[in-house]
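Asker: Here is a sequence with its predicted model. Questions after.
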Amino acid sequence: IVYNGIKLSNFKPQVAHRFKLREKLEISNETLVLLAVGRLVWEKDYENLLASFNLCLSKTENLHLIIIGDGPLKIKLINKAKNLNIINKVTFLGKRNDTKLWYNVADIFVCSSKREGFGIALIEAIASKLPVVSTYEGIVSKFPKNLIIFAETMNYKSLSEAIIKTLNKDSSEKVMISNKLNEFIEKHFSINKIASTWLKIYFK
């Protein structure tokens, strides 16, 4: 198997964008932001994410969820956020061509998928030095288990617990985990590494 590769240098943290984009959305610097990136389709299980986020808000109100992506479930998801009375805490940004900038806004990246082919957004988030909460779907299942806080697939309570657990980690531990995750993806998913693998296969 040869995995997807990305140019990791495109996703380095940029503090200036963090403040600028938060100001654009009127999100304070003290608010903890969760970010999800992907099409609004059943595979991503954003209904489960919204239920989980609602449960998180019952434990700590200083949260905001940003979802980047578009798709057939957009209206359904917006209505679910309204029905849960959390629409003022959720921002649907739609499809973006500048997603790499928005990783800077977040404090945690969340992957709630119940089916995932690879999960390139997760790799991009790690390259942006974000802690990750994820189900076991996609490439993340191959990661060192001590570096990712996993949640059960299609289980909003488990996902909520994983998010709260990650939020409660002290800053030094978050930095340590982010650095180790970055080293892992640099070794396995950088575009240079993947290109080198393809060349070895070709020249055989």
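Answerer: Thanks, I have it. Numbering: from 1, shown residues only.
Asker: what number of residues lie near residue 10?
Answerer: Using other C-beta atoms under 10 Å, residue 10 is surrounded by 11 other residues. All C-beta spots, glycine's among them, are computed from the backbone N, C-alpha and C.
Asker: Now for residue 94: which residues touch it?
Answerer: By C-beta atoms under 8 Å, 6 or more residues apart in numbering, the contact set of residue 94 is 68, 69, 70, 74.
Asker: Show me where the protein has its strands.
Answerer: For the chain, strands defined by DSSP state E occupy the ranges 32-37, 63-68, 90-94, 108-111, 132-134, 149-150.
Asker: Can you add distance to residue 185 and mean pLDDT and give the ones you listed back as a markdown table?
Answerer: Listed next are these as a markdown table, based on distance: least, C-beta to C-beta, whole Å; pLDDT from 0 to 100:
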| stretch | distance to residue 185 | mean pLDDT |
| --- | --- | --- |
| strand 32-37 | 16 | 98 |
| strand 63-68 | 20 | 98 |
| strand 90-94 | 24 | 97 |
| strand 108-111 | 13 | 97 |
| strand 132-134 | 11 | 95 |
| strand 149-150 | 17 | 93 |
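Asker: mind putting these in TSV, distance to residue 183 included?
Answerer: TSV is the format used below for those (distance: least, C-beta to C-beta, whole Å):
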stretch	distance to residue 183
strand 32-37	22
strand 63-68	26
strand 90-94	30
strand 108-111	17
strand 132-134	14
strand 149-150	18
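Asker: Tell me which of these approaches residue 184 most closely.
Answerer: With respect to residue 184, and counting by C-beta to C-beta, the nearest of the strands of the chain is strand 132-134 at 11.2 Å.
Asker: Please name every helix or strand in contact with the closest one.
Answerer: Applying 3 or more C-beta pairs under 8 Å, 6 or more residues apart in numbering; DSSP states H and E, one finds that strand 132-134 contacts strand 108-111, helix 120-127, strand 149-150, helix 156-167.
Asker: partners of that strand in the sheet?
Answerer: Paired with strand 132-134 in the same sheet, following DSSP bridges, are strand 108-111 (parallel), strand 149-150 (parallel).
Asker: ok, residues contacting the last one?
Answerer: Residues from elsewhere that reach strand 149-150, judged by C-beta under 8 Å, 6+ apart: 131, 132, 133, 134, 135, 136, 162, 165, 166.
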